[in-house]
Structures are given as C-alpha cells and as structure tokens.
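[1] No sequence on hand, only this structure:
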C-alpha cells in the first residue's frame with residue numbers, strides 16, 4: 001500500500017466503501033492508508049453522503065427482494081404440488097410454506113397491535129393538569 005493519497009475524491013472513497021464493505025477493503029482498493037478513509041468518515045458532510053449511499057443500496061436490495069418473493073412462493077408451491085417430486089422434497093416445500101405463513105401471520109398481528117397501541121395510546125395517557 002502506498003502512503004496517504006490526499007487527492008482522493010469523496011466519490012472514489014464512497015464507491016470503494018460501498019463495493020468492498022469495509023474501511024480496510026476500501027483502502028486496499030484505493031491503494032491508500034486506512035487513516036485516509038477514517039479521516040473522511042469523521043467529516044459530517046461525507047458521513048451524510050455515506051449514509052445516503054447505504055440507504056439507497058438497502059432500498060435497491062429491498063426492491064429486488066420484494067420482486068423475488070412472488071417467484072419464490074410460486075417455485076415452492078410448484079414443488080409442493082409436483083407429484084413426480086420425491087415425497088421428502090414435497091414435504092419440505094409444504095413445511096416451508098406453512099412456517100413462513102405462520103411467521104407472516106405473527107408479524108402482521110404484532111404490527112396491527114402495535115399500530116393500535118400507538119394510535120390509541122394518546123388518549124389513554126393524556127394527562128390533564
């Protein structure tokens with residue numbers, strides 16, 4: 001690794017951080033000292049840019065996962081219904097569907113309860129002097 005490279009632009013460092021996932025990896029890919037990356041991460045403006053890049057990456061990944069869910073469910077249902085598939089494979093697909101359906105139901109119920117508590121809690125705990 002070379003010594004500190006002061007001419008690195010924020011975009012280069014952000015790209016390296018996002019592509020490698022670590023300060024060490026970013027420093028290696030940019031051929032600079034880790035200290036250069038840490039110094040930049042201490043700056044408020046750069047920290048904002050980094051958080052925005054991370055948020056965008058999560059948003060993109062979340063969108064991809066959401067689109068894949070339907071396909072995954074269809075594949076699992078097809079396996080479960082395929083009479084030519086081994087019984088253990090069909091059973092495994094059925095268990096996957098049942099377990100995920102149960103988890104989905106639990107999470108939905110918890111979210112409904114939380115929403116009711118948050119929405120109705122204001123009147124219940126409103127103190128009048």
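    Now that the structure is in, tell me what you want to look at. The model shown is predicted, which means the values in this text are computed figures rather than measured ones. Residues are numbered from 1 along each chain as shown.

[2] Break this structure down into its structural domains.
    1-81, 87-129 (automatic domain parsing).

[3] Just send these back as CSV, with mean neighbour count too.
    From N, CA and C alone the C-beta is placed, and that goes for glycine too. Below are the domains of the chain laid out as CSV (neighbours: other Cβ atoms under 10 Å):
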stretch, mean neighbour count
domain 1-81, 13
domain 87-129, 10
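
[4] By mean pLDDT, show me the worst of those.
    Note on the domains of the chain: domain 87-129 shows the lowest mean pLDDT, a mean of 84.

[5] how far does that domain sit from the chain's center?
    The chain centroid and the centroid of domain 87-129 are separated by 20 Å, computed with Cα atoms, centre = their mean, to the nearest Å.

[6] Over to stretch 68-84?
    24 Å.

[7] ok, now stretch 56-75?
    11 Å.

[8] Give the other helices and strands that the helix or strand harbouring residue 101 contacts.
    Element membership for residue 101 (DSSP states H and E) is helix 87-124. In terms of contacts (3 or more Cβ pairs under 8 Å, 6 or more residues apart in numbering; DSSP states H and E), helix 87-124 is packed against helix 44-81.

[9] now the helix holding residue 101 against helix 44-81, angle please.
    130 degrees (axes from the mean of the first three to the mean of the last three Cα atoms, to 10 degrees).

[10] For residue 79, which non-adjacent residue is spatially closest?
    Spatial nearest neighbour of residue 79, chain neighbours left out: residue 93 (4.1 Å); criterion: Cβ to Cβ, 6 or more residues apart in numbering.

[11] give the contact list for the one you found.
    76-77, 79-80, 85 (Cβ atoms under 8 Å, 6 or more residues apart in numbering).

[12] Residue 53 against residue 14, yeah?
    Yes - between residue 53 and residue 14 a contact is recorded at 5.4 Å, counting by Cβ atoms under 8 Å.

[13] Against residue 42, how distant is the residue most central in space within the chain?
    Nearest to the mean C-alpha position of the chain, by Cα atoms, centre = their mean, lies residue 58 at 4.8 Å. Here residue 58 is placed at a distance of 23 Å from residue 42 (Cβ to Cβ, to the nearest Å).
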